[in-house]
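In: build the 3D model from these lines:
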Amino acid sequence: MKNRKFEVIKGKKDADYGLTHRFIEACATNTRLMGVVGLVIKWKTELGEEFHQFFHLDAEEFGLDDYISILDGSDESIAMAAANMMGGLGGKTVDISQREAVYLVHHFMEKSKQFNEELPEPISEYEYAIHEKPQLDETEITALWDKICEPVTSPIQLVNYFMMRAAACDEEGLGFLSDGQKIPYQIVKKPATLLKNIIEPVDGQNEKAYMAESLIDLEQGYRMVVSEIQVEETAKGWRAKAAEVKTSMNITGMEAAFSLGKDEYITVYHVKNFREFMRKMDREKPHAMKHGYEVGILYTEFNPTNEHVKNTNYYLNDDIYGVYYITESSQLLVCAYNQKQILELEKYFNSPNYEGILEMEERFHLDRSVLYEFVHSGFDSFYEFLEEE
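Out: Numbering: from 1, shown residues only. Below is the predicted model:
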């Protein structure tokens, strides 16, 4: 593959010129079965400067949906960019070739077009993927999928991933999990989210067939689907042989909430120095997902692995280590879903690192989830929100 030219180099003030780049290395996360992949490509310019490109690749609804580039950056800035783009995905990073990396960029650009989503700017920095359009044969594509998917080492892990990919309408993912077979199985008409999956072996067919009771978020409602998944162990790991829907019914939000009911631990802090707190969060937790809401900012920090997919009782929020919501009234809610994690988070936020910035006010142990209700409520005081409940 030839050296390429980028029209705009990010990081140089008022720069608008082309430089030839030489490929150095690339790596991707092995998280494709979760529906997303993080990708980093490292080049060297003809001036000897390092140029890093960071891509967030979403297979479900957006395609190539986020992009960052750094020219001649510090180790710290590169590490923060990697954490920001890939830190919440779990899994491991694996080395891939230049052809594989460019193929992924092109493939997910095409997905963006299919999903009618705009590509992140500056497109000129990665439009080489359009011009080169690397062609991988079936063997090479299979080898790439084996790299960007974690090994499926148990039938439970397989069934959870299979239901996750089915809920997302991810035909490519289902194809990988069924060893290339086209299994006639559909549970939704457009991409949705698997919130919960309870798996049990079919009587008398241990490790051959499993029943999965799946709670799915349709955005406009909820659905409970019961399926039978037939499985087999292959040289590459566990794969699906057949799948059949036994029952499927829409349920109410109240029924869904009851099914998802889990304890929630919330510790409330008063933020004495809002600006310094935000600076610390952005600096120390760049891997946390950050979203703005009407009266606050929500950070979600995920566990470093996707081990929860191996559980017979799978919950989407088992992937979460901690949730931090700061309101316009300088109130910080620190939330976890078990006592061990909330104690670890309290130790972190009560450390000298936050002295003079935070002051603990109150602890709550709730038998249901209320944090996200509060986030969407428009209230900026958790105490006032509870009074209205």
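
In: from here on, contacts and neighbour counts on C-alpha atoms
Out: Will do.

In: tell me which helix or strand in this structure has the weakest average pLDDT.
Out: Least confident helix or strand of the chain, by mean pLDDT, DSSP states H and E, is strand 4-6 with a mean of 44.

In: quick check: what element follows that strand along the chain?
Out: Under the assignment DSSP states H and E, the closest C-terminal helix or strand after strand 4-6 is strand 19-29.

In: can you give me the helices for the chain?
Out: 75-86, 98-114, 128-132, 138-148, 155-167, 171-177, 253-260, 274-284, 339-349, 371-377, 382-388 (DSSP state H).

In: name the helices or strands packed onto the second one?
Out: Pointing back at helix 98-114 there. Under the contact criterion of 3 or more C-alpha pairs under 8 Å, 6 or more residues apart in numbering; DSSP states H and E, helix 98-114 touches strand 19-29, strand 50-58, strand 63-71, helix 128-132.

In: quick one: low-confidence ranges for the stretch 1-150 of the chain?
Out: Across the stretch 1-150 of the chain, the ranges flagged by pLDDT under 70 are 1-19.

In: returning to that earlier point: which one of the helices of the chain lies nearest to residue 291?
Out: helix 371-377 (10.8 Å; C-alpha to C-alpha).

In: quick check: the nearest residue to residue 268 once chain neighbours are set aside vs residue 351, distance?
Out: Closest residue to residue 268 apart from its sequence neighbours, by C-alpha to C-alpha, 6 or more residues apart in numbering: residue 333 at 4.7 Å. Going from residue 333 to residue 351 by C-alpha to C-alpha, to the nearest Å gives 16 Å.

In: over to residue 64?
Out: Distance from residue 64 to residue 351, by C-alpha to C-alpha: 39 Å.

In: which one's more surrounded, those two?
Out: Higher neighbour count among residue 64 and residue 351: residue 64, with 27 against 11, using other C-alpha atoms under 10 Å.

In: rewinding a little: right, and the residue nearest to residue 268 touches residue 345 too?
Out: No - between residue 333 and residue 345 no contact is recorded; they are 11.1 Å apart, counting by C-alpha atoms under 8 Å.

In: which one's more surrounded, those two?
Out: Neighbour comparison, residue 333 and residue 345: the larger count goes to residue 333, with 23 against 20 (by other C-alpha under 10 Å).

In: hey, what's that one bridged with?
Out: Legend: beta-bridge partners of residue 333 under DSSP bridges are residue 268, residue 325.

In: got a list of what it touches?
Out: 266, 267, 268, 269, 323, 324, 325, 326 (C-alpha atoms under 8 Å, 6 or more residues apart in numbering).

In: which of the residues you listed lies closest to residue 244?
Out: For the contacts of residue 333, the nearest to residue 244 is residue 323 (36.4 Å; C-alpha to C-alpha).

In: so what's the residue count around the closest one?
Out: Look at residue 323: counted by other C-alpha under 10 Å, it has 21 neighbours.

In: relative to residue 160, how far out is it?
Out: Between residue 323 and residue 160 the distance is 24 Å, computed by C-alpha to C-alpha.

In: likewise for residue 385?
Out: The gap separating residue 385 from residue 160 is 36 Å, by C-alpha to C-alpha.

In: neighbour count: the two, which is higher?
Out: Counting neighbours by other C-alpha under 10 Å for residue 385 and for residue 160 shows that residue 160 has the greater number, 26 against 15.

In: excluding chain neighbours, what is closest to the more buried one?
Out: Residue 160 sits nearest to residue 309 (C-alpha to C-alpha, 6+ apart), 6.1 Å away.

In: let me see the contact set for that neighbour.
Out: Residue 309 makes contact with 156, 157, 160, 161, according to C-alpha under 8 Å, 6+ apart.

In: you'd agree the last one is up against residue 35?
Out: No - contact status for residue 161 versus residue 35: not in contact, 9.7 Å apart, counting by C-alpha under 8 Å.

In: burial of the spatially closest residue to residue 43 that is not a sequence neighbour, as a residue count?
Out: In space, and not counting its chain neighbours, residue 43 is closest to residue 23: 4.6 Å by C-alpha to C-alpha, 6+ apart. By other C-alpha under 10 Å, the residues close to residue 23 number 18.

In: also residue 282?
Out: Number of residues near residue 282 (other C-alpha under 10 Å) recorded here: 15.

In: domain assignment for the chain?
Out: With domains defined by automatic domain parsing, the chain comprises 4-148, 155-258, 261-388.

In: for the longest one, the distance to its chain's centre please.
Out: Taking C-alpha atoms, centre = their mean, to the nearest Å, the mean C-alpha location of domain 4-148 is offset from the chain mean by 17 Å.

In: likewise the shortest one?
Out: Here the centre of mass of C-alpha atoms in domain 155-258, compared against the chain's by C-alpha atoms, centre = their mean, lies 19 Å away.

In: now that domain: mean pLDDT?
Out: For domain 155-258, mean pLDDT is 93.

In: what about that domain, how long is it end to end?
Out: Domain 155-258 has an end-to-end distance of 27 Å (C-alpha to C-alpha).
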